[in-house]
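> here is my input; please provide its structure:
(4 chains)
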There are 2 protein chains.
Amino acid sequence: MLSKKTKYGLKALTYIAKSEGDTPVQISEISKNENIPQKFLESIMLTLRKSGFLGSKKGKHGGYYLIKEPSEIKMTDVMRVLEGPIAMVPCVSLNFYEKCDDCPDEHECSVHKLMIQVRDNTLNVLRNNTLEDLAPK
Amino acid sequence: MLSKKTKYGLKALTYIAKSEGDTPVQISEISKNENIPQKFLESIMLTLRKSGFLGSKKGKHGGYYLIKEPSEIKMTDVMRVLEGPIAMVPCVSLNFYEKCDDCPDEHECSVHKLMIQVRDNTLNVLRNNTLEDLAPK
DNA sequence: TGTAATTCCTATTAAATCGATAGGATTAAT
DNA sequence: ATTAATCCTATCGATTTAATAGGAATTACA
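Numbers count the residues shown, from 1 in each chain, chains lettered A, B, ... in the order given. Below you'll find the predicted structure:
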């Protein structure tokens, strides 16, 4: 299940990408238009800024803006920051690999085998979608 | 993230499929060989029986057995019973559809658009894998 | 007939995670 | 100065997850 954090984060990024003005977009505006609790969104925006997707301007008339082209923002990257691993089990994760406690040999594991396929297909989708695809002009 | 319930359930089904004898397979045996907490596995087996994947025999020399051919047991079905929806958001779920509170129009929603693709690809994988594929002889 | 071995069933618990809120500190425009 | 915005840390309540507890019902077989 996709967390609300990720869902809200994606919506916010899309909103900013569509805004396209020179002035930064404010949390309150996104919050209102996308029906996202403002304080919750605040913490998500902070995460997105700290991980290099957004820049911000403080104070009056402040807000957030993209610091890369939408076409450069891959969904794999956004998902890994907001949601964590893309794989459904850590033992098939590329970026968050962990061995399973219960598995003596993961190459013999039926779940492993299945989840590799799921991961590969999900990765393909997320790699081939950028913010530009989510927010067409 | 795949729940342990689903992971254990898939391993147990694979184990039984590989066993292939006439006698039912006992929870204690699966539990030992697959390193699954026995009492936890008990409840999972119950679920799998009640949803029509397994039959059981009670009492001494009892246990569980498949009531369909492994090639007839699709991963989509197992996943839906153990894990719930395959889709990452309810608004793109085929079997567990729910409208989002925050979305006035889901056809305009960027997350919706992306998650449809993820769902379709995951469905493909899970539809094309049966228990036979997980437990080759 | 009785004992051991097994599934069946319901309830409970401990820990983790999630979604959201609280409360202010800092910064910038006017 | 005042107002409006981001920044930061902490906390809370609800839900879910993983696991355990305790015994009832059933069956094999000595």
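
> tell me which helix or strand the residue most central in space within chain A sits in.
For chain A, the residue sitting closest to the mean C-alpha position, by Cα atoms, centre = their mean, is residue A:78 at 2.6 Å. Under the criterion DSSP states H and E, the helix or strand holding residue A:78 is helix A:75-82.

> report the distance from the helix or strand that that helix is followed by to the chain centre.
Using DSSP H and E, the helix or strand that follows helix A:75-82 in sequence is helix A:110-127. In terms of Cα atoms, centre = their mean, to the nearest Å, the centre of helix A:110-127 is found 18 Å from the chain centre.

> now the following helix or strand past helix A:110-127: how far from the chain's centre is it?
Later in the chain than helix A:110-127, the nearest helix or strand by DSSP H and E is helix A:131-134. Offset of helix A:131-134 from its chain centre (Cα atoms, centre = their mean): 12 Å.

> now do helix A:131-134, average pLDDT.
Average pLDDT, helix A:131-134: 98.

> and if you look at stretch A:93-106?
Per-residue pLDDT over stretch A:93-106 has a mean of 93.

> residues in contact with that stretch?
A:80, A:84-87, A:89-91, A:109, A:112, A:119, A:123, B:34-36 (Cβ atoms under 8 Å, 6 or more residues apart in numbering or on different chains). All C-beta spots, glycine's among them, are computed from the backbone N, C-alpha and C.

> ok, so of the residues you listed, who is nearest DNA strand C?
residue A:84 (7.4 Å; Cβ to the nearest atom of the strand).

> pull the number of nearby residues for residue A:28.
Residue A:28 is flanked by 12 other residues according to other Cβ atoms under 10 Å in any protein chain shown.

> so it makes contact with residue A:38?
Yes. Assessed by Cβ atoms under 8 Å, residue A:28 is found in contact with residue A:38 at 6.3 Å.

> buried set for the strand or helix carrying residue A:40?
Using DSSP H and E, residue A:40 sits within helix A:38-50. Of all the residues in helix A:38-50, those buried under the rule 16 or more other Cβ atoms under 10 Å in any protein chain shown are A:41, A:44, A:45, A:48.

> average pLDDT for it?
98.

> is DNA strand D contacted by it?
Yes. Helix A:38-50 lies within reach of DNA strand D by Cβ under 7 Å from any atom of the strand, at A:39, A:42, A:43, A:45, A:46, A:49, A:50.

> swap in stretch A:54-66?
Yes. Using Cβ under 7 Å from any atom of the strand, stretch A:54-66 reaches DNA strand D at A:56, A:57, A:58, A:59, A:60, A:61, A:62, A:63, A:64.

> could you pull up phi and psi at residue A:63?
phi 150, psi -160 (degrees, to the nearest 10).

> kindly report the same for the one 10 residues further on.
With angles defined as degrees, to the nearest 10, residue A:73 shows backbone torsions of phi -100, psi 100.
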